[in-house]
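Enquirer: Here you go, sequence then predicted model.
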There are 2 protein chains.
Amino acid sequence: MKNIYIIGVGLIGGSIAKDVKKLNPEITIHGIDSNNSHLEEALELGIIDKKAAFNDLKQADIVIVSIPVDATVEMLPKILDAVSDDALVMESGSTKSAICNSVANHPKRRNFLATHPIAGTEFSGPKAAMEGLFQGKTNIICEVEKTAFKLQERALAIFKIMGMRIRYMNPEAHDKHIAYVSHLSHISSFMLGKTVIEKEKNERDIFDLAGSGFASTVRLAKSSPDMWTPIFRQNKTNVIETLEEYIQNLTAFKDFMKHDDFDEIYNEMRNTNHIKDILNGIK
Amino acid sequence: MKNIYIIGVGLIGGSIAKDVKKLNPEITIHGIDSNNSHLEEALELGIIDKKAAFNDLKQADIVIVSIPVDATVEMLPKILDAVSDDALVMESGSTKSAICNSVANHPKRRNFLATHPIAGTEFSGPKAAMEGLFQGKTNIICEVEKTAFKLQERALAIFKIMGMRIRYMNPEAHDKHIAYVSHLSHISSFMLGKTVIEKEKNERDIFDLAGSGFASTVRLAKSSPDMWTPIFRQNKTNVIETLEEYIQNLTAFKDFMKHDDFDEIYNEMRNTNHIKDILNGIK
């Protein structure tokens, strides 16, 4: 295992590259990115050893695809076409059904492993990449039985050195659960930011009054629309369902307030408080 | 200035006590709390020097009231009745109109200063108190002109050693703005937590899939219902208005998704992204 190709040298691809390089200095990290200035930046930052092009993929032992999920669906079949019979191709998208479907009947399906490392920040691009981002985090692997056993092993060896916990799940279950614990959070945060910005035209006032609580709830509203629009499109049905339930819960809360039913307001909060225990351990 | 009485030795009262004591070791901090085990705890933790009772308040140079806002409205007139003519009484509640109204015609109105230090965590009780909680944070002072000038100075001297920035505002403006940048965040977070818990009956699954983004958006759902129920009650009109706008924005987002208008989804996120710049500087 000598040559790893990272397609998409942003936050996730770049962070994987940093961990792999640190733990296996003998490996050569090749970078491919549609954004040439990102590629130059990744080279300058030492995230990749060499710039590469699509045609070089036949040299790859491992290809890691970390690009927006719509681009993944489009590129993944072509990447599998391009690699050798012994190569492992992985991707790290936040949706799994559409991606797995895109290569379901590909002759090199057994060269592919679908993964979703649950880690990240609200920032993007090579500068956002960091060592140790995945340490102690969960990596969800889908349809593991469809990947060649030797290539599974190769992937797991990498996740192990990165310090990740592995969970196996089918793509449909992944997309449904992740709509709740990730996609909905992003929308809640974006719309909270929008609501406040619309009201508080004088931004200096927001800054003066906002505390750490506000900063925490709107943090995800800094996220990249280029990355998140295709995620919402691919996971549309699940995300709409979560939004309907969330809006229902907010409306009920508002109605309790309107009717001065503050006992119920108290109960709503008390019953949700045990999220403390659930969250213990999430950084 | 020798004797400071803290009524309510929780997160805010306890943190103020710690800062004041550290910076003025010669001052005696007296604690009053309806919860005697909190009072014992505050004494053991060195947050207060002595336990005190309501009748001792006539000895106070400064009284700091940090109890739920409904209790503040009830107690504040009695506290002003009890203190000497030279004492400064301050409180730190998250609402200001009801509190200022409760003492508007009190003969000792000039002994009172209404403040809202914008700082805190999702935890409560004496154990949650910490040194330096207010460093660099904003303190909103309402109706400053109604407080005796000498007592304003006494208060500002304390806020200065605590490292707080002062902003002056009328109670109505405070309650309106804070509904957006604080109260709405709490409801958004509580209802997000509720939505996910309801769906994900198997809590281990939430834990396994949830990343730092989810943890950040639901952090405030750990907050105390005892503190927050009276805040929502007192700021009912403003909070309902923010909730209506938030629900409207979420519904619009959902409808764009239903109609496959992902250009608009992209724009919604892009237009909110500049919250980055607004948030710079908030810890």
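Expert: Sure, I can see it.
Enquirer: Where does pLDDT dip in the stretch 151-283 of chain A?
Expert: Residue ranges of the stretch 151-283 of chain A with pLDDT under 70: A:202-207, A:281-283.
Enquirer: All the strands of it, residue numbers only.
Expert: Listed in chain order, the strands of the stretch 151-283 of chain A (DSSP state E, counting those that start in this stretch) span A:165-169.
Enquirer: Contacts only, for A:Lys176.
Expert: A:Asn238 (CB atoms under 8 Å, 6 or more residues apart in numbering or on different chains). Placement of C-beta: from N, CA and C, glycine included.
Enquirer: show me what contacts the residue of the stretch 101-250 of chain A found nearest chain B?
Expert: Distance from chain B to each residue of the stretch 101-250 of chain A (CB to the nearest CB) is smallest for A:Pro225, at 3.8 Å. Residues near A:Pro225 by CB under 8 Å, 6+ apart: B:Ile265, B:Tyr266, B:Asn267, B:Met269, B:Arg270, B:Asn273.
Enquirer: Spatially, what comes nearest to it if we skip its sequence neighbours?
Expert: Spatially, and ignoring its direct neighbours in sequence, A:Pro225 is nearest to B:Met269 (3.8 Å; CB to CB, 6 or more residues apart in numbering or on different chains).
Enquirer: The stretch 51-200 of chain A: helices as residue ranges?
Expert: A:69-82, A:97-102, A:149-162, A:171-178, A:184-199 (DSSP state H, counting those that start in this stretch).
Enquirer: Tell me which of these sits most buried.
Expert: helix A:184-199 (a mean of 25; mean count of other CB atoms under 10 Å in any protein chain shown).
Enquirer: what angle sits between that helix and helix B:171-178?
Expert: With axes from the mean of the first three to the mean of the last three CA atoms, to 10 degrees as the basis, helix A:184-199 and helix B:171-178 are set at 150 degrees to each other.
Enquirer: Check whether helix A:184-199 comes near chain B.
Expert: Yes. Residues of helix A:184-199 are located near chain B by CB under 8 Å from any CB of the partner chain, namely A:184-199.
Enquirer: what about the residue lying closest to A:Arg154 once chain neighbours are set aside, how many neighbours?
Expert: Once flanking residues are discounted, A:Arg154 sits nearest to A:Leu88: 5.1 Å by CB to CB, 6+ apart. By the measure other CB atoms under 10 Å in any protein chain shown, the count of residues near A:Leu88 is 25.
Enquirer: got it, and A:Pro107?
Expert: By other CB under 10 Å, 11 other residues sit near A:Pro107.
Enquirer: What sits closest to it if chain neighbours are left out?
Expert: Spatially, and ignoring its direct neighbours in sequence, A:Pro107 is nearest to A:Leu80 (8.0 Å; CB to CB, 6+ apart).
Enquirer: Touching, that neighbour and A:Ser102? I think so.
Expert: No. With contact defined as CB atoms under 8 Å, A:Leu80 does not reach A:Ser102; the gap is 9.8 Å.
Enquirer: my guess is A:Leu133 meets A:Ile118, correct?
Expert: No. Using CB under 8 Å, A:Leu133 is not in contact with A:Ile118; the gap is 10.8 Å.
Enquirer: Would you mind telling me which of those two has more residues around it?
Expert: It is A:Ile118, of A:Leu133 and A:Ile118, that has more neighbours when counted by other CB under 10 Å, with 24 against 20.
Enquirer: Excluding covalently adjacent residues, which one is nearest to A:Ile187?
Expert: The shortest distance from A:Ile187 to any residue other than its chain neighbours is 6.0 Å, reached at B:Phe253 (CB to CB, 6+ apart).
Enquirer: buried ones in stretch A:233-246?
Expert: A:Arg233, A:Gln234, A:Asn235, A:Lys236, A:Asn238, A:Val239, A:Ile240, A:Glu241, A:Thr242, A:Leu243, A:Glu245, A:Tyr246 (16 or more other CB atoms under 10 Å in any protein chain shown).
Enquirer: could you list every residue that touches the residue sitting nearest the centre point of chain A?
Expert: In chain A, the residue lying closest to the centroid (CA atoms, centre = their mean) is A:Ser94, at 4.5 Å. By CB under 8 Å, 6+ apart, the contact list for A:Ser94 reads A:Val69, A:His116, A:Ile178, A:Ser182, A:His183, A:Ile231, A:Asn235.
Enquirer: how about the residue lying closest to A:His186 once chain neighbours are set aside, what does it touch?
Expert: Once flanking residues are discounted, A:His186 sits nearest to A:Leu220: 4.9 Å by CB to CB, 6+ apart. When contacts are counted by CB under 8 Å, 6+ apart, A:Leu220 touches A:Glu122, A:Ser185, A:His186, A:Ser189, A:Phe190, B:Gly213, B:Ser216, B:Thr217.
Enquirer: Over to A:Ile118?
Expert: When contacts are counted by CB under 8 Å, 6+ apart, A:Ile118 touches A:Lys137, A:Thr138, A:Asn139, A:Ile140, A:Ser182, B:Leu209, B:Ala210, B:Gly211.
Enquirer: Just put these in JSON lines and tack on distance to B:Ser15 and neighbour count.
Expert: What follows is the contacts of A:Ile118, written out as JSON lines (distance: CB to CB, whole Å; neighbours: other CB atoms under 10 Å in any protein chain shown):
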{"residue": "A:Lys137", "distance to B:Ser15": "32", "neighbour count": "20"}
{"residue": "A:Thr138", "distance to B:Ser15": "35", "neighbour count": "19"}
{"residue": "A:Asn139", "distance to B:Ser15": "39", "neighbour count": "20"}
{"residue": "A:Ile140", "distance to B:Ser15": "40", "neighbour count": "23"}
{"residue": "A:Ser182", "distance to B:Ser15": "33", "neighbour count": "22"}
{"residue": "B:Leu209", "distance to B:Ser15": "35", "neighbour count": "23"}
{"residue": "B:Ala210", "distance to B:Ser15": "29", "neighbour count": "26"}
{"residue": "B:Gly211", "distance to B:Ser15": "30", "neighbour count": "20"}
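Enquirer: That'll do, ta.
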